[in-house]
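Student: Sharing a model that was predicted from the sequence below.
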Amino acid sequence: MGRLRQRPHQHLSRAVVKTLGYRFFMVCITVTIAFLVVGDVGDALSIGLVANVVKTGTYFAYERAWDRIDWGV
């Protein structure tokens with residue numbers, strides 16, 4: 001079983017850039033799918049932005065937590 005590390009493997013700035021880049025890509029996908037479902041650009045943007053603001057925070061926390069675990073590294 002893995003043990004927790006005191007220091008992360010990657011710098012905070014790298015994790016932030018990875019998170020924002022990934023979330024930008026996901027916003028585009030979510031807005032496109034939402035538009036195909038609801039047929040309204042404004043609603044699709046609202047759905048995409050709200051969903052992805054929440055997901056960005058949870059992904060960042062998840063990524064930082066895993067970065068402190070030695071298992072599999």
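Tutor: On my side now, so go ahead.

Student: use CA for all of it now, contacts and neighbours both
Tutor: Will do.

Student: just checking, next helix/strand downstream of the helix or strand harbouring residue 14?
Tutor: Using DSSP states H and E, residue 14 maps to helix 12-38. Next helix or strand after helix 12-38 toward the C-terminus (DSSP H and E): helix 41-66.

Student: Between helix 12-38 and that next one, find me the angle.
Tutor: 150 degrees (axes from the mean of the first three to the mean of the last three Cα atoms, to 10 degrees).

Student: thinking again about what came up before, how far off centre is the helix holding residue 14?
Tutor: 7 Å (Cα atoms, centre = their mean, to the nearest Å).

Student: what helices or strands is it leaning on?
Tutor: Judged by 3 or more Cα pairs under 8 Å, 6 or more residues apart in numbering; DSSP states H and E, the packing partners of helix 12-38 are helix 41-66.

Student: doesn't residue 22 make contact with residue 52?
Tutor: No. The criterion here is Cα atoms under 8 Å, and residue 52 misses it with residue 22 at 10.3 Å.

Student: Tell me which of those two has more neighbours.
Tutor: Ranked by neighbour count (other Cα atoms under 10 Å), residue 52 and residue 22 place residue 52 first, with 20 against 13.

Student: follow-up on the earlier one: who touches both of residue 52 and residue 22?
Tutor: Counting by Cα atoms under 8 Å, 6 or more residues apart in numbering, no residue touches both residue 52 and residue 22.

Student: my read: residue 34 touches residue 47, true?
Tutor: Yes. Applying Cα under 8 Å, one finds residue 34 in contact with residue 47, separated by 6.9 Å.

Student: what sits against residue 47?
Tutor: Taking Cα under 8 Å, 6+ apart, one finds 30, 31, 34 in contact with residue 47.
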